[in-house]
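Student: okay, here's the prediction I keep looking at, along with the sequence it came from:
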Amino acid sequence: MVSYLCELVGVSRSGYYRYFSEEGQLNRQARNQADEEVKEIILKAFNFRRRKKGARQIKMTLKNQYQITYNLKRIRRIMKKFNIVCPIRKANPYRRMAKATKEHRTLPNLLNREFKQGIAGKVLLTDITYLSYGTGKRAYLSTIKDAETNGILAYEVSDKITLDIALNTVRKLKKSGRKLVNGAFIHSDQGVHYTSPQFQKLVKKVGLGQSMSRRGNCWDNAPQESFFGHLKDETDLKSCEALGDVKQEIKSYMTYYNHYRGQWNLKKMTPAQYRHHLLQVA
């Protein structure tokens, strides 16, 4: 009977007896104990700074924060075994602003998706997204991102999506004292904020050029959209009851993102580390 069942399920007779032997049971207990210990270490990285992470983020966090090296296969196996679920990117239902009036002016696409040009502070990406929080409440986030380092250089959170949210983001960039290179420009979609004469005048005043995506082509500003997706997955906005709570959560996330969240395509460095790396090799 044992031989027949082993043949039926495709295992050897010796393997069957080895599995149920005392030695086999002890080996499984030892492996389970080892997996439990690894699970606790992985959970430390998974919950680091209260931001849930996927396997690659866990690997980089373990290396950067705890000086522990696990390969991705092991991390994914432990996550699957203990049902440690990483955030899943959600579809972005963001709707574009109303069409610009005739006084608004679109500008050429200087970027042409050349996001990585080897120089920090040259290509700046900007956009606005909504933030759902509390019970049916909504705020808005405007950011300026360095396309080379992926770092967020300036941002503004508001309960209104008026022109001021875009203007204040540029003003904060200027106020930060961030050194930009000659020929630096800011790239956006053709939204009403960025075609505004006031916005375009301010951009020139702070010494930046301006570029715009082609109409209806989200891929022309894909890294910015990607950042918004990660932010919404990794922040806890549902527990925020007031706009002040949202601002505090976003401030905390920006610190985490710029200084603690390693990125696979930045040689596993954080944006701040990668910027320093570029300055060192320049």
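Tutor: Sure thing, it's come through.
Student: ok, now how distant is L266 from R56?
Tutor: Taking C-beta to C-beta, to the nearest Å as the criterion, L266 is separated from R56 by 12 Å. Yep, even glycine has a C-beta here, placed from its N, CA and C like the rest.
Student: just E22 next, same as before
Tutor: In terms of C-beta to C-beta, E22 sits 40 Å off from R56.
Student: picking that back up, of L266 and R56, who's got more company?
Tutor: Here L266 and R56 are set side by side on neighbour count (other C-beta atoms under 10 Å), and the busier one is L266, at 19 against 16.
Student: does the more buried one touch T149 like I think?
Tutor: Yes. L266 lies in contact with T149 (C-beta atoms under 8 Å); the separation is 7.1 Å.
Student: now for these two: what residues contact both?
Tutor: Shared contacts of L266 and T149, defined by C-beta atoms under 8 Å, 6 or more residues apart in numbering, comprise Y274.
Student: any stretches of the chain with poor pLDDT?
Tutor: Under the criterion of pLDDT under 70, the regions of the chain flagged as low confidence span 2, 4-5, 9, 15-17, 19-20, 24, 87-104, 112-115, 216-220, 282.
Student: what segments of it are helices?
Tutor: With DSSP state H applied, the chain shows helices at 2-9, 13-20, 22-46, 55-66, 72-81, 163-176, 192-195, 197-205, 222-234, 243-259, 271-281, listed in chain order.
Student: would you mind giving the ones you listed as TSV with distance to R138 added?
Tutor: TSV is the format used below for these (distance: least, C-beta to C-beta, whole Å):
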stretch	distance to R138
helix 2-9	56
helix 13-20	56
helix 22-46	29
helix 55-66	28
helix 72-81	33
helix 163-176	13
helix 192-195	17
helix 197-205	22
helix 222-234	13
helix 243-259	10
helix 271-281	27
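Student: give me whichever of the ones you listed is most buried.
Tutor: Among the helices of the chain, the stretch with the highest mean neighbour count (mean count of other C-beta atoms under 10 Å) is helix 192-195, at a mean of 23.
Student: how far away is K44 from M269?
Tutor: Distance check for K44 against M269: by C-beta to C-beta, it reads 20 Å.
Student: ok, L43 to L180 distance?
Tutor: In terms of C-beta to C-beta, L43 sits 40 Å off from L180.
Student: among the helices of the chain, which comes closest to M212?
Tutor: helix 192-195 (6.6 Å; C-beta to C-beta).
Student: tell me what the closest one is packed against?
Tutor: helix 163-176, strand 209-212 (3 or more C-beta pairs under 8 Å, 6 or more residues apart in numbering; DSSP states H and E).
Student: got those as TSV, with distance to R77 columns?
Tutor: Conversion of these to TSV gives the following (distance: least, C-beta to C-beta, whole Å):
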stretch	distance to R77
helix 163-176	43
strand 209-212	45
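Student: of the ones you listed, which approaches V246 most closely?
Tutor: Of all these, helix 163-176 sits nearest to V246, with 13.5 Å by C-beta to C-beta.
Student: that closest one: how far from the chain's middle?
Tutor: The offset between the C-alpha centroid of helix 163-176 and the centroid of the whole chain comes to 22 Å, using C-alpha atoms, centre = their mean, to the nearest Å.
Student: could you shift the numbering so residue one becomes 384, and keep it that way?
Tutor: With 384 as the first residue, the last one maps to helix 546-559.
Student: for that helix, give me every contacting residue.
Tutor: Applying C-beta under 8 Å, 6+ apart, the set of residues contacting helix 546-559 from outside is 507, 509, 511, 523, 525-527, 536-539, 541, 569, 575-577, 579, 581-582, 585-586, 589.
Student: repeat that for 10 Å
Tutor: Helix 546-559 is contacted from outside by 507, 509-511, 523-527, 536-542, 561, 563, 569, 571, 574-577, 579, 581-582, 584-586, 588-591, using C-beta atoms under 10 Å, 6 or more residues apart in numbering.
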